[in-house]
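Colleague: predicted model follows, preceded by the sequence.
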Amino acid sequence: MRRRALVTGASSGIGAATARRLAAEGYRVALLARDAVRLRKVQQELAGQGHLALVCDLCDPEAIASAFAHLDGEFGGLDLLVNNAGVGYRAKVEELEEEPLQRLFDTNVLALLFTCRAALPLLRRGKRPVVVNVSSVVGRRGIPGQVAYAASKAAVCSIGEGLRIEWAEDAIAVCTLDPALTATGFFDAQPNPAGLPDPDLSQAVGPEAVAAEVLALDRQPRPERTLRWKWHLLGVLSLVAPRLADRLLVRNLGGGWRVPR
Ligand SMILES: NC(=O)c1ccc[n+]([C@@H]2O[C@H](COP(=O)([O-])OP(=O)(O)OC[C@H]3O[C@@H](n4cnc5c(N)ncnc54)[C@H](OP(=O)(O)O)[C@@H]3O)[C@@H](O)[C@H]2O)c1
């Protein structure tokens, strides 16, 4: 039987690339996002038949419930859930505003928890069920200018650690994927009230590289996969030698940040 996957945030970037890759590998894919036009365009490009577009704002728990009722009716279960939808927020703490801050945590953290809750009955009926939660390298190391975003991604890493033990009794594998810089529309979409400089995307990988890692995790689940080893080391170093980690980070970030006293 074809594997059945749900990809959130499938209207662009990493989610769209993941939907395309899974469909090319023979999966039946449900795509979820808010923008119906972009979502249906991605759906039409997918290889194979039987894919589903779910137009849903994940910040609305009732919309999540009705999307999952629809998904259950069409798929009858779920083998892979990719919690990918997310938004950024490039701002110093002193610049944070309530609405975008609320939206950040609603989208990146609360929606992921509500989606997991709604998906559990379907995953229990799945074959070798797998969840991939898309965090970020900054989920394991906070950074200046993106303090709130990094905190939301740290929450995603924490959710993975607890959830994979909660769901072990249902044999549902829970994986955390930590991409580094990826060339998508993410940076244009994020609020950036003071115009802090965006990273140099010439260093970025394409979203297809991240999609390939999602597929690899579905085939061979691992607790966590960090896509740039320097960030993996920085995360470890931040626990065992935080002053050294701060120095290394400041030296490599550019942007005029200072090493703390
Ligand atoms: N790009 C990077 O460098 C990078 C690095 C590390 C981690 N990540 C993470 O990777 C994930 C995908 O990001 P991306 O780079 O592919 O960015 P993107 O192109 O901006 O994609 C974000 C997706 O999330 C969806 N989304 C946002 N809010 C939503 C909501 N309330 N309800 C439903 N869908 C929503 C968007 O669709 P609609 O607007 O149509 O709803 C879009 O499909 C995010 O979790 C991001 O934090 C990205």
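Modeller: That came through, no problem.
Colleague: can you give me the strands in the protein?
Modeller: 4-8, 28-33, 52-55, 80-83, 130-134, 173-178, 224-226 (DSSP state E).
Colleague: would you reformat these as CSV and include mean pLDDT, distance to the ligand and mean neighbour count?
Modeller: For glycine as for every other residue, the C-beta is placed from the backbone atoms N, C-alpha and C. Shown next, in CSV, are the strands of the chain (pLDDT from 0 to 100; distance: least, C-beta to the nearest ligand atom, whole Å; neighbours: other C-beta atoms under 10 Å):
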stretch, mean pLDDT, distance to the ligand, mean neighbour count
strand 4-8, 99, 6, 29
strand 28-33, 98, 3, 26
strand 52-55, 98, 8, 20
strand 80-83, 99, 8, 28
strand 130-134, 99, 5, 26
strand 173-178, 98, 7, 25
strand 224-226, 98, 10, 20
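Colleague: which among these is found nearest to L234?
Modeller: strand 224-226 (9.8 Å; C-beta to C-beta).
Colleague: check which helices and strands that closest one is in contact with.
Modeller: strand 173-178, helix 207-219 (3 or more C-beta pairs under 8 Å, 6 or more residues apart in numbering; DSSP states H and E).
Colleague: which of the ones you listed sits closest to L52?
Modeller: helix 207-219 (18.1 Å).
Colleague: how about the longest helix along the chain: buried residues?
Modeller: Longest helix in the chain, counting residues (DSSP state H): helix 147-166. Across helix 147-166, burial judged by 16 or more other C-beta atoms under 10 Å covers 147-157, 159-160, 163-164.
Colleague: looking at the helices and strands packed on strand 224-226, which is nearest to R28?
Modeller: helix 207-219 (13.3 Å).
Colleague: just the mean pLDDT for stretch 113-125, thanks.
Modeller: The average pLDDT within stretch 113-125 is 98.
Colleague: what does stretch 136-149 give?
Modeller: On average, stretch 136-149 scores 98.
Colleague: touching it from outside, list them.
Modeller: Outside stretch 136-149, the residues that touch it by C-beta atoms under 8 Å, 6 or more residues apart in numbering are 88-93, 96, 101, 104-105, 108, 150-151, 153-157, 176, 178-180, 190, 196, 226-228, 231-232, 234-235, 238, 245, 249, 253, 255, 257.
Colleague: just the CA trace of it, in CSV.
Modeller: Output of stretch 136-149 as CSV, limited to C-alpha atoms (Å, rounded to 0.1, in the frame of the first residue of the first chain):
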residue,chain,number,x,y,z
SER,A,136,16.0,24.6,13.2
VAL,A,137,19.7,24.7,14.1
VAL,A,138,18.7,27.7,16.2
GLY,A,139,16.5,25.5,18.3
ARG,A,140,19.6,24.2,19.9
ARG,A,141,21.4,27.5,20.2
GLY,A,142,19.7,30.8,20.9
ILE,A,143,20.9,33.7,18.7
PRO,A,144,20.6,37.5,18.9
GLY,A,145,18.1,39.2,16.6
GLN,A,146,16.0,36.1,16.5
VAL,A,147,15.6,35.3,20.2
ALA,A,148,11.8,34.7,20.0
TYR,A,149,12.1,32.5,16.9
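Colleague: what's the distance between it and the middle of its chain?
Modeller: 14 Å (C-alpha atoms, centre = their mean, to the nearest Å).
Colleague: also stretch 107-118?
Modeller: Relative to where its chain is centred, stretch 107-118 has its mean C-alpha point 11 Å off (C-alpha atoms, centre = their mean).
Colleague: can we start the residue count at 42 from this point?
Modeller: Yep, numbering from 42; the last one is stretch 148-159 now.
Colleague: now check that stretch, is it near the ligand?
Modeller: Yes. Against the ligand, stretch 148-159 shows contacts by C-beta under 6 Å from any ligand atom at T148.
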